[in-house]
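Peer 1: need a structure here:
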Amino acid sequence: MKKFGIGIIGCGTIMSVHLDSIHEYDGVELIMVCDIDSGLAKSVAQEERCLWVTDYKEVLTNENVDIVHILTPHYLHASMAIEALKMGKHVVLEKPVGINLKELEELKEIASETGLTVGVTLQNRFNPTTIKMKELIGSGKLGKLIASKGILTWCRKGEYYSDSTWRGKLATEGGGLLINQGIHTLDLMEYIGGPIKKIKGHIANYSHPDIEVEDTAMMTMEYENGAIGNFYGTNSYGDNSPIEMEFIFEKGQLQLRDRQLILVKNKKSELVIADILKEGNKSYWGMSHKLIIKDIYDSIKNKTNPKVSLEDGIRATQLVLLCYQ
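Peer 2: As a prediction, the model looks like this:
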């Protein structure tokens with residue numbers, strides 16, 4: 001059976017986890033990588049024994065490429081995905097889906113017209129703790145959601161921004177902490193807690209004077225069922241701590257701390273499950289990129305819908321954009 005040909009646009013930091021996913025899936029073959037940095041693209045291609053180019057349009061016009069991974073700066077995500085779809089390519093798209101509502105709508109329309117797959121890497125939905133939380137809530141045994149909170153305290157020093165031509169700039173990153181790091185936590189707060197109808201908060205830059213966007217954000221959100229959620233995030237901490245989350249229900253609590261899911265009922269705490277870690281990886285991100293990319297590949301192969309759809313990716317991006325209003 002013919003393997004799906006893969007093209008990668010953007011050879012930056014996140015590429016390594018995508019390459020790992022490609023290597024482990026039997027039904028795909030890396031055909032081509034692309035980056036505007038010719039030295040970087042060539043180096044990756046030599047390592048991977050594939051073609052390399054500096055013009056992304058050559059990836060889209062290559063007849064052997066069936067699926068395109070778009071790993072570029074945020075402001076290019078939607079436009080490149082739209083072009084890929086128009087050229088008949090399926091898309092694996094890094095978050096955020098876009099940086100404004102107009103391009104989100106255009107991407108949604110083109111995806112619908114072409115019928116091609118756009119899988120979005122909201123990989124933390126595949127964490128064992130997330131899956132278990134959804135299962136426990138779905139059972140109905142915890143009752144109605146009353147409140148939730150999410151806490152993100154990570155460290156991004158000045159060179160994280162200065163070493164990049166696009167990070168820290170509103171026009172190219174589309175925002176700061178929220179659109180780049182906090183989007184995953186906000187997505188999980190809605191994915192687990194239910195639809196959010198209102199968000200009000202404050203964003204600020206406290207520790208990075210050389211960037212245009214926020215490094216800290218505080219939000220209060222109202223769920224459709226009346227529950228209240230609170231989010232705090234910062235890139236100004238001294239280390240990268242695992243995400244903390246808590247969901248309070250009528251009949252118990254779910255607490256995610258130090259990558260462990262704790263169920264609290266009748267004043268008794270029980271360890272339910274822990275997320276799988278691998279030494280040397282950025283485990284505070286979540287470790288499920290391979291799982292979500294495998295699911296996207298499987299959905300393309302079997303002509304089914306991926307578990308995390310384009311609509312899910314659009315909604316997560318909309319939540320962030322609501323915070324900026």
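
Peer 1: Show me the helices in the chain, by range?
Peer 2: Counting by DSSP state H, one finds helices in the chain at the ranges 15-24, 38-48, 56-61, 77-86, 101-114, 128-138, 158-162, 170-173, 177, 183-193, 289-302, 310-324.

Peer 1: I figured L104 hits V97, correct?
Peer 2: Yes. Taking C-beta atoms under 8 Å as the definition, L104 is a contact partner of V97 at 6.0 Å. Where you see a C-beta, it was placed from the backbone N, CA and C, and this is true even at glycine.

Peer 1: just to revisit the earlier point, among the helices of the chain, which comes closest to D258?
Peer 2: Among the helices of the chain, helix 128-138 comes nearest to D258, with 10.8 Å by C-beta to C-beta.

Peer 1: Just the residues contacting that closest one, thanks.
Peer 2: By C-beta atoms under 8 Å, 6 or more residues apart in numbering, the list of residues contacting helix 128-138 from outside reads 124, 142, 145, 188, 191-192, 247, 249, 254, 256, 259-261, 263, 272-276.

Peer 1: Got a quick PyMOL command for the buried subset of those residues?
Peer 2: Buried residues within the contacts of helix 128-138, by 16 or more other C-beta atoms under 10 Å, are selected in PyMOL with:
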select buried, resi 124+142+145+188+191+192+247+249+254+256+259+261+263+272+273+275
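
Peer 1: Go through stretch 205-215 and flag the buried ones.
Peer 2: For stretch 205-215, the neighbour count (16+ other C-beta under 10 Å) marks 205, 207-208, 211, 213-215 as buried.

Peer 1: can you redo the residues you listed as CSV with distance to G175 and pLDDT?
Peer 2: Below are these laid out as CSV (distance: C-beta to C-beta, whole Å; pLDDT from 0 to 100):
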residue, distance to G175, pLDDT
N205, 11, 97
S207, 16, 96
H208, 13, 97
I211, 11, 97
V213, 5, 98
E214, 7, 98
D215, 11, 98
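
Peer 1: Kindly indicate which of those residues lies nearest G88.
Peer 2: For the buried residues of stretch 205-215, the nearest to G88 is V213 (35.3 Å; C-beta to C-beta).

Peer 1: I figured that closest one was touching N205, is that so?
Peer 2: Yes. In this structure, V213 is within contact of N205 by C-beta under 8 Å, at 7.0 Å.

Peer 1: where do the contact lists of the two overlap?
Peer 2: Here V213 and N205 have G176 as joint contacts, going by C-beta under 8 Å, 6+ apart.

Peer 1: before we move on, the earlier item: and the buried residues of stretch 205-215, which is closest to Y223?
Peer 2: E214 (23.7 Å).

Peer 1: circling back to that earlier point, of the helices of the chain, which stretch is the most buried?
Peer 2: Burial of the helices of the chain is given as mean neighbour count (mean count of other C-beta atoms under 10 Å); helix 177 ranks first at a mean of 25.

Peer 1: Who are the packing partners of that helix?
Peer 2: With contacts taken as 3 or more C-beta pairs under 8 Å, 6 or more residues apart in numbering; DSSP states H and E, helix 177 sits against no other helix or strand.

Peer 1: what is the mean pLDDT for it?
Peer 2: The average pLDDT within helix 177 is 98.

Peer 1: ok, now stretch 182-191?
Peer 2: For stretch 182-191, the per-residue pLDDT averages 97.

Peer 1: With stretch 86-102 instead?
Peer 2: For stretch 86-102, mean pLDDT is 97.

Peer 1: and what of stretch 69-76?
Peer 2: What stretch 69-76 shows for mean pLDDT is 98.

Peer 1: Return, as residue ranges, the portions of the chain with sub-threshold pLDDT.
Peer 2: Scanning the chain for pLDDT under 70 picks out 277-287.

Peer 1: that older thread, distance to G5 added to the helices of the chain, as CSV?
Peer 2: As requested, these are exported to CSV (distance: least, C-beta to C-beta, whole Å):
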stretch, distance to G5
helix 15-24, 11
helix 38-48, 13
helix 56-61, 10
helix 77-86, 13
helix 101-114, 18
helix 128-138, 31
helix 158-162, 33
helix 170-173, 29
helix 177, 36
helix 183-193, 29
helix 289-302, 12
helix 310-324, 21
